[in-house]
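Q: let's see this in three dimensions:
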Amino acid sequence: MKCASALLVAVAMLAGSFVPADLAARTLPISVRSNFRLGSAGVVCTAQIAPRDPRLEGMFDRAYTLSCRDAAGPVGTLVAVRRVMPVDAAPLPGVPAAAGPARVCGPVGRAPIDALGDVRALLCRDPTGGLDYRRYGLTRGDTTYLVEGLAAYDGALRLALASVVLNRAVPGEIKVATTDVTDAAAFARLQAGLLDPRGVRGEGYLRNNGSSFAESAAFFEVLAEKARSQKGEQAEMAEALANEGLQQSNLGNFEAAARLFGSSESAALTGDGLAQRLLRNYRALDQLNQRRPDGAAAALARPVDPVNAVFDGARLADGVINLPLAEAINRENTATRRMGAPDPALTRAEKAEILDAQAQAIGATAARMAGRTEEAVAAFNQARERLALVRGGQVASIVWLTAEIDIELAQIAGAAGRTAEALAGFDRAIAALDAAYPSSPAVLSAKARKAGFLLAAGEREPARELFAAVVAQSAAVPDSGTTLRDLLAPYFALLAGEGGEGAAVAAFAAAQVLERPGVAQTQAILARQLAEGNDGAAALFRLSLARSRDIVRAEGEVARLGALANPGTAEIAELASQQDVLTGLRREQTQILAQLSAFPRYTALAPKRVALADMQAALRGGEAYYKLVAVGQDLYGLYASAGSARLFALPLSRADLTREVQAIRNSIVTIENGKVVNRPFDLDRSRALYLALFGPVDGDLAGVRHLVFEPDAAMLQLPPAVLVTADAGIAAYKARTVDIDADAFDFTGIAWLGRGRAISIAVSPRAFLDLRALAPSAAQRPYLGLGANAVPQQRPITAVADSCDWPLAVWQRPVKPDELMFAARTIGGASVVKTGTSFTDAALLDDPSLDQYRVLHFATHGLVSAPRKDCPARPALVTSFADKGSDGLLSFREIFDLKLDADLVILSACDTAGMATVAASREAGVTTGGNYALDGLVRAFTGAGARAVIASHWPVPDEYDATRRLISGLVAGKAGESVGDALAGAEAKLMDDPLTSHPFYWAAFVVVGDAAKPAMTAAPRH
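A: Prediction:
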């Protein structure tokens, strides 16, 4: 993850943002910003500058496109022009409109707007789509201001008009429909799509300098896509790829960063010393992110070419404009010249000087990390002096970089005991960052580092207060979790040292800052979808979700076609067609959200964070919630029951946990030469890990019959049920196996954490509470079993195939259908089993009756890795081949497309609790998650409509009928018995059988969701 030192983000020198000398003392006015947020609370909406609006005639005219989170297209537009424009003029371009007859408008009236008074107002209606549009206008001085958009977004329209007229951000709350589908990065992609390449680049750098890494990555990803689609933009693409790579490094995705750096180097123009300096610095920053100061020094030592290239007269005669000439042509910046500002454009030499100064500062950070403090101080001061010589230091990137140097020097001064000097440096940096990047992760990062310094200096109460303020403020700052993950480590150490209920309350809030998107977001969306009933509004909500996913997929196809090096005529036509489809989908999805805004329940924002008291109130007798928290290398346990809560530090590091979990897993099952290999289970390691994780609450666990476990770090890969809770069974096992003829695989008598105890795997407190509150499925049929694919002798000719297909052998050893048949017989009623040729991917995707089953059970192979190292991992379940257009796989994307209303989905397959890649998530039509454990098949089935999923952590064995016995326990339990109790009861029987007492046979399954829900519910009555 991102290192806690400073200087680990990019410098916006290529954007060349010039700022006034008093930037640190004031906020920039709206008129000189390329975007600004509308309002201060509610749904996030922004105004983006629209320089190509056809109504911009004079140098002082401005136009903006208005967009809101979750709306896939613009919700309105605004213009400020130096001429008279009537409020009933033609509709403004860019406002989403349905095809069909022109809008019908009423008479011009008046409407009050806060901070402006009465303005002219017009209400129009689209008779085809049934949507209302509002327009407001007023004239002040010689400028006319007009805003128009969907009436459902009236609050955003009013705040946009007031902000532009008053030339400052006007506070206020925006209440519009939200589906919680997109995150900050997804919204950033929409914003980037509304800007020209120069604007996209500038916004990418600004978000980067504000430490909004995921948002910045989205902007640079869009910039690279724009550059690919335009010939002659090779330098732009190289820059975008390098920046996207740095953002991936800042997010901890180091392999992706290395790949993007390589692509950037390949795309860069030969001899471009500026691009070489950029990439040199970014590679060094990537090494610092990985805590490799020596690697950073080596990257900085790479040679670069001189930056001042010469004009190529021969190529110029042929009409080729090279970099120096392009710079000379673009030296005059029209937009800022209109406002009478000094020419802000940086020369290539100035940009190179900033990059070289940044390199010096990066080297200083590496020296500080390596303990060479005097060398670091000298290099930081030299870097500061060099930066001050470039435009007097009044460039946005220099202001930010100087603030980062202040923080580094403050930390060094603090370590030397110069407290006053250190505090002054922190405060100076915070003030500068707050002025340049308000409400950003960069500001929170600076405050967290100051809090850490205060704590190290013995100022416990001021440190505690400042850390608590950072946690509270982070709720309103998207993308802050990545930046704060390491920086909150001192706060958790402080709270764990305090102990007590108050410390647990504070830690519970702070831990939620660190949560990752993925299954948690999908479960939250599912809960909202299922909790709202089946009226027309709920149908609109589901339609909006579908359109949002269609848009993500269409964006992926447009990006793929746009990246083709030599597209043919058909591909060019297909690209144009897909672009039209994308435009239509965005318009339709935005209109659906506008219609959804008529229903108040969809405009209320559900809190994303949960107070500890709310969790405790939801826990029943005999239940407890255990949240494992990884902060940097430190681990903490947070244990809560209905009546008490505790926070405690764990006596092992993240690396220790990874090592121990891997060793325990290896003693359960390993794959050698393609075959499953079992060894005697490592009881000693399991017992030691239990004591490390649960030792402080061992006495409390005795009365816990349902443990809700929220894993983190390596525990995402190990079911907690295999931990050993007592020593007696281990002693008996060792005494018994002294005899050389004893069965070393007989683990009867061991006190497992999973014995007699239901265990739920939760992905976040909010998701668990949402699922607990859901009503049972309304489906009428009890059970659908699916598996035992038909065995092909060869891959069908019509089957989809490419170089990354799985070998045919995958389909030639199907899982036996015994457990499906047994479950169907046991449950009875209208239970159905589909095997062989009736179990195909095509048939499932075309089956309209899937939402009529309360339990779906897949007994088939799960594919969660990749067939080869050079192929992408795409989670899928093996099915039979259909007659046409089938690949014999139910993919991650296709599972999302299923329409379920299930209480439970059972996956009797291999490692279905594994993860999905970012690419697979995008293919499925979701923009969040990827690269996280549980982001794979579990998430896909949750997105399809499963309230709970039983998934497996390793290949489920067929020997000794183990899997069938587990499933039989689930389906043959007592009426109303919970899924957790049913599974625990079935596991106990296998624990007590010497043949199946090894955890390999009984511990693979985990319940992701609320295991207190009934395993088998009666069909609802109507």
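Q: hey, where'd the helices end up in the stretch 401-550 of the chain?
A: Along the stretch 401-550 of the chain, the stretches classed as helices by DSSP state H, counting those that start in this stretch are 419-436, 441-456, 460-474, 480-484, 489-498, 500-511, 519-531, 536-562.
Q: can you list the neighbours in contact with the third one?
A: Spelled out, that is helix 460-474. Here helix 460-474 makes contact (Cβ atoms under 8 Å, 6 or more residues apart in numbering) with 439, 444, 447-448, 450-452, 454-455, 480-481, 484, 488, 490-491, 494, 506, 509-510, 513. (C-beta placed from N, C-alpha, C; glycine too.)
Q: that one versus helix 500-511: what angle between them?
A: With axes from the mean of the first three to the mean of the last three Cα atoms, to 10 degrees defining the directions, helix 460-474 sits at 40 degrees from helix 500-511.
Q: with just CA atoms, put helix 460-474 into CSV.
A: Provided in CSV are the C-alpha atoms of helix 460-474 (Å, rounded to 0.1, in the frame of the first residue of the first chain):
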residue,chain,number,x,y,z
ARG,A,460,-2.1,12.3,23.5
GLU,A,461,-5.3,14.3,23.9
PRO,A,462,-4.6,16.8,21.0
ALA,A,463,-3.5,13.8,18.9
ARG,A,464,-6.7,11.8,19.7
GLU,A,465,-8.9,14.8,18.9
LEU,A,466,-7.2,15.5,15.6
PHE,A,467,-7.3,11.8,14.6
ALA,A,468,-11.0,11.7,15.4
ALA,A,469,-11.6,14.9,13.3
VAL,A,470,-9.8,13.2,10.4
VAL,A,471,-12.0,10.2,10.7
ALA,A,472,-15.2,12.3,10.9
GLN,A,473,-14.2,14.5,7.9
SER,A,474,-13.2,11.4,5.8
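Q: report the distance from it to the chain centre.
A: 25 Å (Cα atoms, centre = their mean, to the nearest Å).
Q: so for it, mean pLDDT?
A: What helix 460-474 shows for mean pLDDT is 95.
Q: and for the first one?
A: The predicted model gives helix 419-436 an average pLDDT of 92.
Q: ok, the residue nearest to residue 908 when sequence neighbours are not counted - how many residues close by?
A: Nearest in space to residue 908, with sequence neighbours left out and distances taken as Cβ to Cβ, 6 or more residues apart in numbering, is residue 859 at 4.4 Å. Using other Cβ atoms under 10 Å, the number of residues around residue 859 comes to 29.
Q: now the strands for the stretch 701-850 of the chain?
A: Secondary structure of the stretch 701-850 of the chain (DSSP state E, counting those that start in this stretch): strands located at 706-710, 758-761, 781-789, 832-836.
Q: okay, angle between the first one and helix 519-531 too, please.
A: In other words, strand 706-710. 120 degrees.
Q: residues touching the nearest residue in space to residue 414 that is not next to it in sequence, list them.
A: Here the nearest residue to residue 414 in space, its sequence neighbours aside, is residue 422; by Cβ to Cβ, 6+ apart that works out to 3.7 Å. Residue 422 sits next to 410-411, 413-414, 453, 457 when contact means Cβ under 8 Å, 6+ apart.
Q: residue 1005 is in contact with residue 950, correct?
A: Yes: the pair residue 950 / residue 1005 is scored as a contact, 5.3 Å apart, by Cβ atoms under 8 Å.
Q: among these two, which residue is more densely surrounded?
A: residue 950 (28 against 24).
Q: from residue 1013, how far off is that one?
A: Distance of residue 950 to residue 1013, computed by Cβ to Cβ, to the nearest Å: 12 Å.
Q: joint contacts of these two?
A: With Cβ under 8 Å, 6+ apart, residue 950 and residue 1013 have common neighbours 904, 979.
Q: ok, back up a step: who wins for most neighbours among the contacts of residue 422?
A: residue 410 (26 neighbours).
Q: quick one: residues contacting that residue.
A: Counting by Cβ under 8 Å, 6+ apart, residue 410 makes contact with 421-426, 429, 450, 453.
Q: out of these, which are buried?
A: 422-423, 425-426, 429, 450, 453 (16 or more other Cβ atoms under 10 Å).
Q: give the bridge partners for the residue lying closest to residue 119 once chain neighbours are set aside, please.
A: Here the nearest residue to residue 119 in space, its sequence neighbours aside, is residue 138; by Cβ to Cβ, 6+ apart that works out to 4.4 Å. Counting by DSSP bridges, residue 138 is bridged to residue 145.
Q: so residue 138 makes contact with residue 120?
A: Yes: counting by Cβ under 8 Å, residue 120 is a contact partner of residue 138 at 6.3 Å.
Q: where does pLDDT dip in the stretch 201-350 of the chain?
A: In the predicted model, the stretch 201-350 of the chain carries pLDDT under 70 at residues 229-233, 308-345.
Q: again, only this time at 90
A: The stretch 201-350 of the chain contains residues with pLDDT under 90 at 201-244, 247-256, 263-275, 291, 305-350.
Q: helices of that one, residue ranges please.
A: Applying DSSP H, counting those that start in this stretch to the stretch 201-350 of the chain gives helices spanning 213-228, 234-250, 254-267, 273-289, 293-300, 313-317, 323-329, 334-338, 348-369.
Q: just checking, what packs against the third one?
A: Taking 3 or more Cβ pairs under 8 Å, 6 or more residues apart in numbering; DSSP states H and E as contact, the helices and strands that helix 254-267 lies on are helix 234-250, helix 273-289.
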